[in-house]
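In: just the structure for this:
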Amino acid sequence: QVQPVESGGGLVQAGGSLRLSCAASGRTFTDYAVGWFRRAPGKEREFVAVISWAFGSTNYADSVKGRFTISRNNAKDTVYLQMNSLKPEDTAVYFCAANHRGSSAITSAGNFESWGQGTQVTVSS
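Out: All right, here's what the predicted structure looks like:
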């Protein structure tokens, strides 16, 4: 079973950018769908974006469409989340997760089997 490992969080001012990385450990992301979720203080975990490793198809939450971009690097077995035009409401712990069904249509956290430890993103106003 693949183990996602996140990196790239930090503190940024509103309007700024950050790029998160999610590397595969234990096995490759081949045939998986890899998604990003986030949990803000006092809120439920929510879906952010997902990419199908096999097809490259993507899916985004409405709240991040046009600002965030999910992509993959096959050679590095890594998924990226490029976050632009960040807002204070994007402040959260961001988690990378893998789903063996491989479909970018699946956005429910319960369908993702493997989770990373999370990385903190803080956007100051």
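In: from here on, contacts and neighbour counts on C-alpha atoms
Out: Noted.
In: ok, for Phe47, nearest residue in space, not its chain neighbours?
Out: Excluding the flanking residues, the one nearest Phe47 by C-alpha to C-alpha, 6 or more residues apart in numbering is Phe37, at 4.5 Å.
In: mind checking how far the helix or strand hosting that neighbour is from the chain centre?
Out: Assigned by DSSP states H and E, Phe37 falls within strand 33-39. Centroid displacement of strand 33-39 relative to its chain, using C-alpha atoms, centre = their mean, to the nearest Å, is 4 Å.
In: partners of the residue nearest the centre of the chain in the sheet?
Out: Nearest to the mean C-alpha position of the chain, by C-alpha atoms, centre = their mean, lies Trp36 at 2.3 Å. Counting by DSSP bridges, Trp36 forms beta bridges with Ala49, Cys96.
In: okay, now the residue nearest to Phe47: neighbour count?
Out: Residues lying near Phe37 (other C-alpha atoms under 10 Å) number 22.
In: compute the distance between it and Ser108, please.
Out: Distance, Phe37 to Ser108, by C-alpha to C-alpha, to the nearest Å: 10 Å.
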